[in-house]
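**Q** Sequence isn't available, so here's the structure alone:
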């Protein structure tokens, strides 16, 4: 499939609340919170997701400006997974599309015992009933998160596993087997001098969460670098902030660190435009280039100010 074809596939998504595929999967027309009288027909999966999931707390990290500092917050175990039913089904639908057009799963020296413990932990902890499987790849396709496993030993650390359907402009196959410092080398302004100590700390003292954000100009959560991205159009502006919630869970027994990556979009009507404008204005030339806004920043700032 051509890059243009990939983009058409990625653009097929609609906002969470109106995604027709999500409605079909979740049977939202019979959801207990809608007007439909056939609410009793809701599936077991739907009722489970509705009643048990810790619903997403929408964060606006751009309010704190742009930063590559870790910005870690210690969280409790019941905060690890956050979603809502429609977002959950959108991610599952788009994962099925992604695996048809891009390589998503990679592994490098992932210990079998570590993998088994990861599988058992996911099946025990995940707030939705997963189809029985003893394969990590199959379980991740039933989760709305992408996952990465990073391992460390006496002399090195490396990305041991990645199941990533929604990369934010990077190729998972270029990161697998590399150490933390090498993986994050392209990130402008990031201090990597103590990356090994950071990995050790995350394994021993988590779980933690942090957020990263980007301005995007289409309703999409998959920003694989082979997909042509929409550009900002001042004549027909469409603006979202894409937020990646990163949760790290340590498995000290295996010297392994699990990353859970959840993508969500903040639409224009929910944006704090003064804060977003300030964040973009205070980004350096190098930071704008890294975020793909070298040519759009001035027009975007002008548009944001004109809509206040």
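**A** Cool, the structure landed. Just so it is clear, the structure is predicted and the values come from calculations on it, not from any experiment.

**Q** Would you confirm that residue 268 contacts residue 241?
**A** No. The pair formed by residue 268 and residue 241 falls short of the contact definition of C-beta atoms under 8 Å, at 9.1 Å. For every residue, glycine as well, the C-beta is placed using N, CA and C.

**Q** So these two - more neighbours on which side?
**A** Ranked by neighbour count (other C-beta atoms under 10 Å), residue 268 and residue 241 place residue 241 first, with 21 against 14.

**Q** Can you list the low-confidence ranges for the stretch 201-308 of the chain?
**A** For the stretch 201-308 of the chain, no stretch has pLDDT under 70.

**Q** how about the strands of it, start to end?
**A** Remark: strands assigned in the stretch 201-308 of the chain by DSSP state E, counting those that start in this stretch are 208-216, 240-251, 256-267.

**Q** in the first one, what's buried?
**A** Meaning strand 208-216. The neighbour-count criterion (16 or more other C-beta atoms under 10 Å) identifies 208-209, 211-216 as the buried residues of strand 208-216.

**Q** cool, the last one as well?
**A** Along strand 256-267, the positions that meet the burial threshold by neighbour count (16+ other C-beta under 10 Å) are 256-266.

**Q** Show me what it is packed against.
**A** The elements that strand 256-267 packs onto, with contact taken as 3 or more C-beta pairs under 8 Å, 6 or more residues apart in numbering; DSSP states H and E, are helix 112-125, strand 146-152, helix 195-205, strand 240-251.

**Q** just the shortest one next, same as before
**A** Using 3+ C-beta pairs under 8 Å, 6+ apart as the contact criterion, the secondary-structure elements in contact with strand 208-216 are strand 73-74, strand 240-251.

**Q** Just the pLDDT at residue 85, thanks.
**A** According to the per-residue confidence, residue 85 scores 89 in pLDDT.

**Q** what's the burial count for it?
**A** Residue 85 is surrounded by 22 other residues when neighbours are defined as other C-beta under 10 Å.

**Q** show me where the protein has helices.
**A** If you assign secondary structure with DSSP state H, the helices in the chain sit at 3-10, 20-26, 44-52, 85-101, 112-125, 136-140, 172-175, 180-183, 195-205, 273-281, 285-290, 297-306.

**Q** Which one of those lies nearest to residue 247?
**A** Nearest to residue 247, of all these, is helix 195-205, at 10.6 Å by C-beta to C-beta.

**Q** Tell me how far the nearest residue to residue 180 once chain neighbours are set aside lies from residue 160.
**A** What sits nearest to residue 180 in space, not counting adjacent residues and going by C-beta to C-beta, 6 or more residues apart in numbering, is residue 195, at 4.2 Å. Separation of residue 195 from residue 160 (C-beta to C-beta, to the nearest Å): 16 Å.

**Q** now do residue 182
**A** Between residue 182 and residue 160 the distance is 14 Å, computed by C-beta to C-beta.

**Q** what does residue 90 give?
**A** When C-beta to C-beta is applied, the distance between residue 90 and residue 160 equals 28 Å.

**Q** Check residue 70 and give its pLDDT.
**A** Per-residue confidence for residue 70 comes out at a pLDDT of 88.

**Q** same deal with residue 5?
**A** As summarised for this prediction, residue 5 has a pLDDT of 39.

**Q** Could you list the buried residues of stretch 192-202?
**A** Applying a neighbour-count criterion of 16+ other C-beta under 10 Å, the buried positions in stretch 192-202 are 192, 195, 198-202.

**Q** Closest to residue 82 out of the residues you listed?
**A** residue 202 (19.0 Å).
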